[in-house]
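Engineer: Below: sequence and its predicted model.
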Amino acid sequence: METSGSADERVMEYTYDKVGNLKSYNDGVISVQYGYDDLYQKISDTVDYDIFSLSNTYTYKTSAGLKIRAALHTQQYQRGIRICDKVMKEINLKHYTQRPKWNYSISPSKNAN
């Protein structure tokens, strides 16, 4: 496990498998778990945003490349919770040009050292 930060900063935790694949990430606000197959190809990830989580599964075809299936968790969450602007700015989202509300990638916090 690797951590970064000081007493005045958010602590970031990373874990890796034996070949160096990222297994988990946690910055105290968002946590991510990654799963890999026997060939060390990513086959799943689950991002926990505290008030909801999102899971993706990945399958590989030798002739067609990567096939992705995403599924929203159907767990019931409390309504009306607002994320303050400061916390939203700390989430490192990259929105894509096509349907940016739904197409984005998330990376470790911008404050990561």
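Structural biologist: Received, thanks.
Engineer: For the protein, which residues score under the pLDDT cut-off?
Structural biologist: The model of the chain has pLDDT under 70 over residues 1-9, 62-70, 72-73, 108-113.
Engineer: Could I get the full set of strands for it?
Structural biologist: Assigned by DSSP state E, the chain shows strands spanning 2-4, 12-16, 22-26, 31-36, 42-48, 53-61, 65-72, 92-95, 104-107.
Engineer: what about those strands, which gets the closest to residue 78?
Structural biologist: Residue 78 sits nearest to strand 53-61 of all the strands of the chain, at 14.1 Å, using C-beta to C-beta. C-beta coordinates here come from the backbone N, C-alpha and C atoms, glycine included.
Engineer: the inter-axis angle of the closest one versus strand 31-36?
Structural biologist: 20 degrees (axes from the mean of the first three to the mean of the last three C-alpha atoms, to 10 degrees).
Engineer: Could you list the buried residues of strand 53-61?
Structural biologist: Neighbour counts over strand 53-61 (16 or more other C-beta atoms under 10 Å) mark 53, 55, 58 as buried.
Engineer: Please convert these to CSV, extending it with distance to residue 80.
Structural biologist: Shown next, in CSV, are those (distance: C-beta to C-beta, whole Å):
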residue, distance to residue 80
53, 18
55, 24
58, 34
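Engineer: of these, closest to residue 88?
Structural biologist: Nearest member of these to residue 88, counting by C-beta to C-beta, is residue 53, at 17.1 Å.
Engineer: Look up how far residue 77 lies from the closest one.
Structural biologist: Shown here: residue 53 relative to residue 77, a distance of 9 Å by C-beta to C-beta, to the nearest Å.
Engineer: Thank you kindly, that will do.
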